[in-house]
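Asker: Sequence isn't available, so here's the structure alone:
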Ligand SMILES: Nc1ncnc2c1ncn2[C@@H]1O[C@H](COP(=O)(O)OS(=O)(=O)O)[C@@H](OP(=O)(O)O)[C@H]1O
(Lines give C-alpha, C1' and ligand atoms only; values in the text may rest on other atoms or scores of the structure.)
Protein backbone atom coordinates (compact mmCIF):
# COMPACT_ATOMS: atom_id res chain seq x y z
CA UNK A 1 0.00 0.00 0.00
CA UNK A 2 1.33 3.45 -0.78
CA UNK A 3 2.31 5.36 2.33
CA UNK A 4 2.88 2.29 4.53
CA UNK A 5 6.20 0.97 5.77
CA UNK A 6 6.70 -1.94 3.33
CA UNK A 7 7.02 -5.52 4.58
CA UNK A 8 10.33 -5.82 2.68
CA UNK A 9 11.77 -3.14 4.93
CA UNK A 10 10.43 -4.84 8.07
CA UNK A 11 12.07 -8.16 7.24
CA UNK A 12 15.19 -7.36 5.25
CA UNK A 13 16.85 -10.04 3.14
CA UNK A 14 20.20 -11.09 4.62
CA UNK A 15 22.90 -8.88 3.19
CA UNK A 16 25.66 -10.53 1.15
CA UNK A 17 28.97 -10.78 2.97
CA UNK A 18 32.01 -8.93 1.61
CA UNK A 19 34.39 -11.18 -0.31
CA UNK A 20 37.48 -10.88 1.89
CA UNK A 21 37.11 -10.97 5.70
CA UNK A 22 39.58 -8.50 7.25
CA UNK A 23 42.10 -9.72 9.81
CA UNK A 24 40.44 -7.78 12.62
CA UNK A 25 37.20 -9.72 12.15
CA UNK A 26 38.85 -13.12 12.67
CA UNK A 27 38.82 -14.73 16.06
CA UNK A 28 42.35 -14.78 17.59
CA UNK A 29 41.90 -18.32 18.99
CA UNK A 30 40.80 -19.85 15.70
CA UNK A 31 42.91 -18.55 12.86
CA UNK A 32 41.05 -18.28 9.58
CA UNK A 33 37.59 -18.59 11.11
CA UNK A 34 35.41 -15.49 10.88
CA UNK A 35 33.73 -14.47 14.15
CA UNK A 36 30.07 -15.40 14.38
CA UNK A 37 28.60 -12.04 13.46
CA UNK A 38 30.52 -11.83 10.19
CA UNK A 39 33.10 -9.40 8.92
CA UNK A 40 32.63 -5.68 8.69
CA UNK A 41 29.89 -3.68 10.35
CA UNK A 42 26.60 -2.13 9.50
CA UNK A 43 26.86 1.58 8.82
CA UNK A 44 24.53 4.34 7.74
CA UNK A 45 24.60 4.90 4.00
CA UNK A 46 27.18 7.45 2.92
CA UNK A 47 25.35 7.83 -0.39
CA UNK A 48 21.69 7.58 -1.35
CA UNK A 49 19.89 7.40 -4.66
CA UNK A 50 16.99 9.66 -3.68
CA UNK A 51 15.10 9.80 -6.97
CA UNK A 52 13.33 10.07 -9.19
CA UNK A 53 10.64 7.44 -9.54
CA UNK A 54 10.91 5.83 -13.02
CA UNK A 55 14.15 7.71 -13.66
CA UNK A 56 16.34 4.60 -13.95
CA UNK A 57 17.19 4.24 -10.25
CA UNK A 58 17.18 0.41 -10.27
CA UNK A 59 19.49 0.25 -13.26
CA UNK A 60 21.92 2.65 -11.61
CA UNK A 61 21.96 0.73 -8.32
CA UNK A 62 22.40 -2.65 -10.02
CA UNK A 63 25.26 -1.29 -12.15
CA UNK A 64 26.95 0.23 -9.10
CA UNK A 65 26.73 -3.04 -7.21
CA UNK A 66 29.30 -4.46 -9.62
CA UNK A 67 31.83 -2.30 -7.82
CA UNK A 68 33.70 -4.19 -5.08
CA UNK A 69 33.67 -1.08 -2.87
CA UNK A 70 29.89 -0.63 -2.99
CA UNK A 71 27.48 -2.58 -0.79
CA UNK A 72 23.83 -1.78 -1.30
CA UNK A 73 20.51 -2.84 0.11
CA UNK A 74 18.55 -4.75 -2.54
CA UNK A 75 15.07 -3.54 -1.61
CA UNK A 76 13.80 0.01 -1.09
CA UNK A 77 13.67 0.60 2.67
CA UNK A 78 11.48 3.76 2.49
CA UNK A 79 12.98 4.81 5.80
CA UNK A 80 13.01 8.59 5.34
CA UNK A 81 9.45 8.69 4.05
CA UNK A 82 7.39 5.82 5.48
CA UNK A 83 9.35 4.05 8.21
CA UNK A 84 11.06 6.92 10.01
CA UNK A 85 9.35 6.24 13.33
CA UNK A 86 11.24 2.94 13.54
CA UNK A 87 14.35 4.91 14.37
CA UNK A 88 17.88 5.25 13.02
CA UNK A 89 19.19 2.13 14.80
CA UNK A 90 16.56 0.04 12.99
CA UNK A 91 17.57 1.63 9.70
CA UNK A 92 21.27 0.95 10.20
CA UNK A 93 20.48 -2.63 11.04
CA UNK A 94 18.93 -3.11 7.58
CA UNK A 95 22.22 -2.27 5.92
CA UNK A 96 24.68 -4.83 4.60
CA UNK A 97 27.96 -5.11 6.48
CA UNK A 98 30.84 -3.18 5.02
CA UNK A 99 34.58 -3.14 5.48
CA UNK A 100 36.49 0.11 5.98
CA UNK A 101 36.67 1.90 2.65
CA UNK A 102 33.48 0.37 1.27
CA UNK A 103 30.43 2.54 0.66
CA UNK A 104 26.98 1.63 1.96
CA UNK A 105 24.08 2.65 -0.29
CA UNK A 106 20.36 2.32 -0.71
CA UNK A 107 17.82 3.69 -3.18
CA UNK A 108 14.31 4.91 -2.50
CA UNK A 109 13.06 7.14 -5.34
CA UNK A 110 10.20 8.68 -3.35
CA UNK A 111 12.65 10.52 -1.07
CA UNK A 112 13.11 13.23 -3.70
CA UNK A 113 9.46 14.33 -3.43
CA UNK A 114 9.03 13.81 0.35
CA UNK A 115 9.01 17.11 2.26
CA UNK A 116 10.50 15.59 5.41
CA UNK A 117 13.25 13.60 3.69
CA UNK A 118 15.99 16.25 3.29
CA UNK A 119 15.80 17.35 6.95
CA UNK A 120 15.80 13.75 8.14
CA UNK A 121 18.73 12.74 5.93
CA UNK A 122 20.62 15.83 7.05
CA UNK A 123 19.94 14.72 10.63
CA UNK A 124 21.54 11.33 9.87
CA UNK A 125 24.57 13.00 8.28
CA UNK A 126 24.99 16.38 6.55
CA UNK A 127 27.78 14.76 4.49
CA UNK A 128 25.47 12.26 2.78
CA UNK A 129 26.04 12.17 -0.98
CA UNK A 130 22.80 12.46 -2.90
CA UNK A 131 22.24 11.02 -6.36
CA UNK A 132 19.21 11.97 -8.42
CA UNK A 133 18.49 10.16 -11.68
CA UNK A 134 16.31 12.46 -13.75
CA UNK A 135 14.46 11.74 -16.95
CA UNK A 136 12.35 13.82 -19.34
CA UNK A 137 9.36 14.58 -17.08
CA UNK A 138 6.85 13.85 -19.86
CA UNK A 139 8.27 10.36 -20.54
CA UNK A 140 8.66 9.86 -16.81
CA UNK A 141 4.96 10.68 -16.25
CA UNK A 142 3.92 8.21 -18.97
CA UNK A 143 6.21 5.56 -17.47
CA UNK A 144 4.67 6.19 -14.04
CA UNK A 145 1.19 5.89 -15.57
CA UNK A 146 2.17 2.66 -17.37
CA UNK A 147 3.22 1.19 -14.02
CA UNK A 148 -0.08 2.14 -12.33
CA UNK A 149 -2.03 0.86 -15.33
CA UNK A 150 -0.26 -2.51 -15.12
CA UNK A 151 -1.66 -2.89 -11.59
CA UNK A 152 -5.02 -1.15 -12.10
CA UNK A 153 -6.94 -2.31 -15.14
CA UNK A 154 -9.70 0.15 -16.05
CA UNK A 155 -7.67 3.18 -14.99
CA UNK A 156 -8.85 6.37 -16.78
CA UNK A 157 -6.75 7.44 -19.76
CA UNK A 158 -3.46 9.30 -19.27
CA UNK A 159 -4.87 12.58 -20.53
CA UNK A 160 -8.04 12.30 -18.40
CA UNK A 161 -5.74 12.24 -15.36
CA UNK A 162 -3.16 14.77 -16.58
CA UNK A 163 -5.64 17.61 -17.26
CA UNK A 164 -8.49 18.98 -15.21
CA UNK A 165 -11.91 19.00 -16.89
CA UNK A 166 -11.05 17.39 -20.18
CA UNK A 167 -8.23 19.39 -21.71
CA UNK A 168 -8.17 22.13 -19.02
CA UNK A 169 -5.18 23.09 -16.87
CA UNK A 170 -2.48 20.53 -16.17
CA UNK A 171 -3.33 18.75 -12.93
CA UNK A 172 -0.27 19.20 -10.73
CA UNK A 173 -2.06 17.39 -7.92
CA UNK A 174 -1.63 14.12 -9.86
CA UNK A 175 1.61 12.60 -8.59
CA UNK A 176 2.66 11.47 -12.09
CA UNK A 177 2.73 15.16 -13.07
CA UNK A 178 3.95 16.60 -9.77
CA UNK A 179 7.06 14.40 -9.48
CA UNK A 180 8.39 15.93 -12.73
CA UNK A 181 8.57 19.46 -11.25
CA UNK A 182 12.23 18.83 -10.47
CA UNK A 183 13.17 22.48 -9.87
CA UNK A 184 10.56 22.83 -7.14
CA UNK A 185 11.63 19.69 -5.33
CA UNK A 186 15.30 20.57 -5.62
CA UNK A 187 14.68 24.06 -4.22
CA UNK A 188 13.45 22.44 -1.04
CA UNK A 189 16.49 20.11 -0.77
CA UNK A 190 18.84 23.07 -1.23
CA UNK A 191 17.62 24.48 2.09
CA UNK A 192 19.41 21.56 3.72
CA UNK A 193 22.27 20.55 1.40
CA UNK A 194 24.63 22.52 -0.84
CA UNK A 195 24.55 21.73 -4.55
CA UNK A 196 28.00 20.14 -4.27
CA UNK A 197 26.44 17.27 -2.30
CA UNK A 198 24.31 16.26 -5.33
CA UNK A 199 24.98 14.36 -8.49
CA UNK A 200 22.35 14.52 -11.22
CA UNK A 201 22.40 11.53 -13.51
CA UNK A 202 20.69 11.69 -16.88
CA UNK A 203 18.22 8.81 -17.16
CA UNK A 204 18.49 9.06 -20.95
CA UNK A 205 22.29 8.80 -20.92
CA UNK A 206 22.11 5.92 -18.48
CA UNK A 207 20.40 4.04 -21.33
CA UNK A 208 22.39 5.40 -24.30
CA UNK A 209 25.85 5.57 -22.63
CA UNK A 210 25.75 3.63 -19.37
CA UNK A 211 29.52 3.41 -18.92
CA UNK A 212 29.99 7.17 -19.29
CA UNK A 213 27.27 7.91 -16.76
CA UNK A 214 28.66 5.27 -14.38
CA UNK A 215 32.07 6.94 -14.72
CA UNK A 216 30.61 10.19 -13.39
CA UNK A 217 28.92 8.40 -10.54
CA UNK A 218 32.08 6.54 -9.49
CA UNK A 219 34.05 9.82 -9.56
CA UNK A 220 31.40 11.51 -7.43
CA UNK A 221 31.55 8.69 -4.89
CA UNK A 222 35.35 8.83 -4.79
CA UNK A 223 35.62 5.31 -6.22
CA UNK A 224 38.06 3.86 -8.71
CA UNK A 225 36.47 3.55 -12.15
CA UNK A 226 35.92 -0.19 -12.04
CA UNK A 227 32.56 -0.35 -13.83
CA UNK A 228 33.32 0.43 -17.46
CA UNK A 229 32.28 -0.28 -21.05
CA UNK A 230 33.29 -3.90 -20.79
CA UNK A 231 30.51 -4.60 -18.27
CA UNK A 232 27.67 -3.72 -20.65
CA UNK A 233 26.17 -4.92 -23.88
CA UNK A 234 23.08 -3.65 -25.66
CA UNK A 235 20.35 -6.27 -25.64
CA UNK A 236 18.26 -5.68 -28.77
CA UNK A 237 15.32 -7.76 -27.52
CA UNK A 238 15.11 -5.83 -24.26
CA UNK A 239 15.99 -2.56 -25.96
CA UNK A 240 18.28 -1.61 -23.07
CA UNK A 241 21.84 -2.07 -21.88
CA UNK A 242 22.27 -5.25 -19.85
CA UNK A 243 25.14 -6.67 -17.82
CA UNK A 244 27.55 -9.13 -19.40
CA UNK A 245 27.92 -10.76 -15.98
CA UNK A 246 25.60 -10.10 -13.09
CA UNK A 247 26.97 -9.67 -9.58
CA UNK A 248 27.96 -13.07 -8.20
CA UNK A 249 27.32 -14.87 -11.51
CA UNK A 250 28.97 -15.50 -14.87
CA UNK A 251 25.79 -15.06 -16.82
CA UNK A 252 24.44 -11.99 -18.59
CA UNK A 253 21.56 -10.24 -16.90
CA UNK A 254 18.97 -7.66 -17.93
CA UNK A 255 16.64 -5.94 -15.48
CA UNK A 256 13.23 -7.62 -15.01
CA UNK A 257 10.02 -7.11 -16.93
CA UNK A 258 8.86 -4.17 -14.79
CA UNK A 259 11.79 -2.15 -16.20
CA UNK A 260 11.45 -1.16 -19.82
CA UNK A 261 7.69 -1.74 -20.02
CA UNK A 262 5.95 -0.76 -23.24
CA UNK A 263 4.29 2.64 -22.79
CA UNK A 264 0.66 3.24 -23.74
CA UNK A 265 0.15 5.45 -26.78
CA UNK A 266 -0.50 9.04 -25.72
CA UNK A 267 -1.81 11.46 -28.40
CA UNK A 268 0.84 13.83 -29.76
CA UNK A 269 -1.23 16.90 -28.78
CA UNK A 270 -1.24 15.73 -25.15
CA UNK A 271 2.52 15.17 -25.19
CA UNK A 272 3.05 18.62 -26.74
CA UNK A 273 0.92 20.34 -24.09
CA UNK A 274 2.77 18.63 -21.30
CA UNK A 275 6.13 19.43 -22.88
CA UNK A 276 5.09 23.12 -23.01
CA UNK A 277 3.96 22.95 -19.41
CA UNK A 278 7.26 21.53 -18.16
CA UNK A 279 9.54 23.77 -20.27
CA UNK A 280 9.92 26.64 -17.74
CA UNK A 281 10.45 24.19 -14.88
CA UNK A 282 13.04 22.29 -16.90
CA UNK A 283 14.88 25.51 -17.78
CA UNK A 284 14.98 26.47 -14.12
CA UNK A 285 16.27 23.00 -13.25
CA UNK A 286 19.06 23.31 -15.87
CA UNK A 287 20.01 26.67 -14.36
CA UNK A 288 20.02 25.35 -10.81
CA UNK A 289 22.11 22.27 -11.65
CA UNK A 290 24.29 23.81 -14.35
CA UNK A 291 23.37 20.87 -16.62
CA UNK A 292 21.24 20.90 -19.75
CA UNK A 293 19.42 17.57 -19.97
CA UNK A 294 18.16 18.30 -23.49
CA UNK A 295 14.48 17.62 -22.89
CA UNK A 296 13.21 20.70 -24.74
N1 LIG B 1 19.40 -0.92 -18.40
C2 LIG B 1 18.11 -0.71 -18.20
N3 LIG B 1 17.22 -1.73 -18.27
C4 LIG B 1 15.90 -1.50 -18.07
N5 LIG B 1 15.38 -0.29 -17.77
C6 LIG B 1 16.23 0.75 -17.68
C7 LIG B 1 17.61 0.58 -17.90
N8 LIG B 1 18.20 1.80 -17.77
C9 LIG B 1 17.23 2.66 -17.49
N10 LIG B 1 16.04 2.04 -17.45
C11 LIG B 1 14.78 2.72 -17.20
O12 LIG B 1 14.45 2.59 -15.82
C13 LIG B 1 13.07 2.88 -15.75
C14 LIG B 1 12.55 2.46 -14.40
O15 LIG B 1 13.07 3.37 -13.49
P16 LIG B 1 13.27 3.05 -11.95
O17 LIG B 1 14.10 1.84 -11.78
O18 LIG B 1 13.75 4.30 -11.31
O19 LIG B 1 11.77 2.73 -11.52
S20 LIG B 1 11.17 2.67 -10.05
O21 LIG B 1 10.88 4.04 -9.65
O22 LIG B 1 12.14 2.00 -9.20
O23 LIG B 1 9.92 1.89 -10.22
C24 LIG B 1 12.47 2.15 -16.93
O25 LIG B 1 11.32 2.85 -17.32
P26 LIG B 1 10.27 2.26 -18.38
O27 LIG B 1 11.02 2.06 -19.67
O28 LIG B 1 9.24 3.32 -18.51
O29 LIG B 1 9.76 0.98 -17.80
C30 LIG B 1 13.58 2.18 -17.97
O31 LIG B 1 13.35 3.07 -19.03
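Answerer: The structure has been received and is ready for your questions. Keep in mind that this is a model prediction, so the values were computed, not measured.
Asker: For the rest of this, base every contact and every neighbour count on C-alpha atoms.
Answerer: Noted.
Asker: distance of residue 107 from the ligand?
Answerer: Going from residue 107 to the ligand by Cα to the nearest ligand atom, to the nearest Å gives 8 Å.
Asker: Specify the beta-bridge partners of the nearest residue to that residue once chain neighbours are set aside.
Answerer: In space, not counting the residues next to it along the chain, residue 107 is nearest to residue 49; the distance is 4.5 Å by Cα to Cα, 6 or more residues apart in numbering. Each beta-bridge partner of residue 49 is listed here, defined by DSSP bridges: residue 107, residue 131.
Asker: got the residue ranges for the helices in the chain?
Answerer: Taking DSSP state H as the criterion, the chain contains helices spanning 7-10, 57-64, 88-94, 117-124, 137-151, 158-162, 175-178, 182-189, 203-208, 210-220, 268-289.
Asker: is it true that the residue nearest to residue 107 touches residue 128?
Answerer: No: with contacts counted by Cα atoms under 8 Å, residue 49 stays clear of residue 128, the gap being 10.5 Å.
Asker: before we move on, the earlier item: enumerate every residue touching the residue nearest to residue 107.
Answerer: Listed by Cα atoms under 8 Å, 6 or more residues apart in numbering, the contact partners of residue 49 are 57, 61, 105-109, 130-133.
Asker: Show me how to select, in ChimeraX, the buried members of those residues.
Answerer: ChimeraX command restricting these to the buried ones, with burial defined by 16 or more other Cα atoms under 10 Å:
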select :57,61,105,106,107,108,109,130,131,132,133
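Asker: Dump the contacts of residue 49 to JSON lines, plus pLDDT.
Answerer: As requested, the contacts of residue 49 are arranged in JSON lines below (pLDDT from 0 to 100):
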{"residue": "57", "pLDDT": "98"}
{"residue": "61", "pLDDT": "98"}
{"residue": "105", "pLDDT": "98"}
{"residue": "106", "pLDDT": "98"}
{"residue": "107", "pLDDT": "98"}
{"residue": "108", "pLDDT": "98"}
{"residue": "109", "pLDDT": "98"}
{"residue": "130", "pLDDT": "99"}
{"residue": "131", "pLDDT": "99"}
{"residue": "132", "pLDDT": "99"}
{"residue": "133", "pLDDT": "99"}
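Asker: of the contacts of residue 49, closest to residue 203?
Answerer: Set against residue 203, the nearest of these by Cα to Cα is residue 133 (5.6 Å).
Asker: No further queries at this time; thank you.
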